[in-house]
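Undergrad: Below: sequence and its predicted model.
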Amino acid sequence: MRTTLLVATAWFAAGLSIPASAADTGQPLVLEQTIALAHVRGRIDHMAVDLRRHRLFVAELGNNSVDTVDLGSGALLHRFDGLKSPQGVAYVPGVDVIAVANAGDGSVRFFGGGDFAPLGSLNLGDDADNIRVDPGNGHIVVGYGAGGLAIIDPATRRRLRDIQLPGHPESFQIDPGSNRAYVNIPDAGQIAVVDLAAGRQIASWTVSGLAQNFPMALGDSGAMIAIVFRSPPRLVFLESRTGAVTGSYSTCADADDVFVDARQQRVYVSCGAGAVDVFSRDAAGSRHIARIQTSSGARTSLFVPELDELCVAERASPLGDAAIAVFRPRPRPAE
């Protein structure tokens, strides 16, 4: 585990200026620690957290593995090897189960949250991707294939139903208040609105002039949807009842995750261009307030509001191991 001080020392030794993320410069995100992921190569995809045990799960797509990391000590606790291009990972606290979605063989594999023991697998057929836990019933929802959401009971590992979509689902979010899922479908150029109780798509929204909608987050207690488009790079806010655009802002390139920090009234966008863009959002409106340097290809992240931490996955490079950069939001000043 390398602290901010060690990072700063390394930059000084190389004769380089310290990036904003490594220095105490009043930035809205402060680098708290960097956790090395040894022997991990290739693309890193999504992450999940076990809050009770303070553990982070990291889907290492290019390495065919998932790492379990102790966020307190930075220690690697366990590595799930022999996976097939894992993309999505989820932890279900009610049944103490870890679920991993594999793009390579279309499977969802299950493991015990405490002992990491294998609990079986379920075949979805093709390109199992993002996973979300439905907060209303504890089921997991997995996007997969050419266009579908699979609803799975993690206790029995049984597939309960499928919901058809017009293209492969990328990021999606579940609003427990309305029992709706909002789904990015970039291949179809739309955001799908799904009634989870009815098991069907009930609406589709488009945003003119923008394409490749990958990351998505919910905010304002489900009233607002934040979506990032890659072509051109824009952060867009939508009203969740109608899909009306309420704001649109330029952002960093190759975004793959976006999160709403309700406590600090901010939005974080992590991008493969090597940055996290930070936006303020309050009654006065939204504005870009900072661009925090990360590393090239570090496009996936996980904001954990309960821990007040933003974890950014950095790929291995000739300069060092893959790593998780852990940022802590600085308390909001009068911005």
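TA: Structure received. Nothing here was measured: the structure is a model prediction, and the numbers come from that model. Residues are numbered from 1 along each chain as shown.

Undergrad: can we go C-alpha only for contacts and neighbour counts from here?
TA: Fine.

Undergrad: Can you tell me the strand partners of the helix or strand hosting residue 119 and which way each runs?
TA: Per DSSP states H and E: residue 119 is located in strand 118-123. Strands that pair with strand 118-123, judged by DSSP bridges, come out as strand 107-112 (antiparallel).

Undergrad: returning to what we had before: list the buried residues for the helix or strand that the strand holding residue 119 is followed by?
TA: Per DSSP H and E, the first helix or strand lying C-terminal to strand 118-123 is strand 131-133. Using 16 or more other C-alpha atoms under 10 Å as the test for burial, strand 131-133 gives 131, 132, 133.

Undergrad: Would you mind giving the orientation angle of the helix or strand following strand 131-133 with respect to strand 107-112?
TA: Downstream of strand 131-133, the first helix or strand assigned by DSSP H and E is strand 140-144. Strand 140-144 runs at 150 degrees relative to strand 107-112, counting by axes from the mean of the first three to the mean of the last three C-alpha atoms, to 10 degrees.

Undergrad: I'd like the mean pLDDT over the very next helix or strand once past strand 140-144, please.
TA: Beyond strand 140-144 on the C-terminal side, the first helix or strand identified by DSSP H and E is strand 148-153. What strand 148-153 shows for mean pLDDT is 98.

Undergrad: Dump the C-alpha coordinates for stretch 225-237 into PDB.
TA: Written as PDB, here are the backbone C-alpha positions of stretch 225-237 (Å, rounded to 0.1, in the frame of the first residue of the first chain):
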ATOM      1  CA  ILE A 225     -30.500  10.300 -14.200                       C
ATOM      2  CA  ALA A 226     -26.900  11.100 -15.000                       C
ATOM      3  CA  ILE A 227     -25.600   9.600 -18.300                       C
ATOM      4  CA  VAL A 228     -22.300  10.100 -20.000                       C
ATOM      5  CA  PHE A 229     -22.000   9.900 -23.800                       C
ATOM      6  CA  ARG A 230     -18.700   9.200 -25.400                       C
ATOM      7  CA  SER A 231     -19.400  10.700 -28.800                       C
ATOM      8  CA  PRO A 232     -18.900  13.500 -28.200                       C
ATOM      9  CA  PRO A 233     -18.000  13.300 -24.500                       C
ATOM     10  CA  ARG A 234     -20.900  14.800 -22.600                       C
ATOM     11  CA  LEU A 235     -22.400  14.500 -19.100                       C
ATOM     12  CA  VAL A 236     -26.200  14.800 -19.500                       C
ATOM     13  CA  PHE A 237     -28.900  15.000 -16.800                       C
END
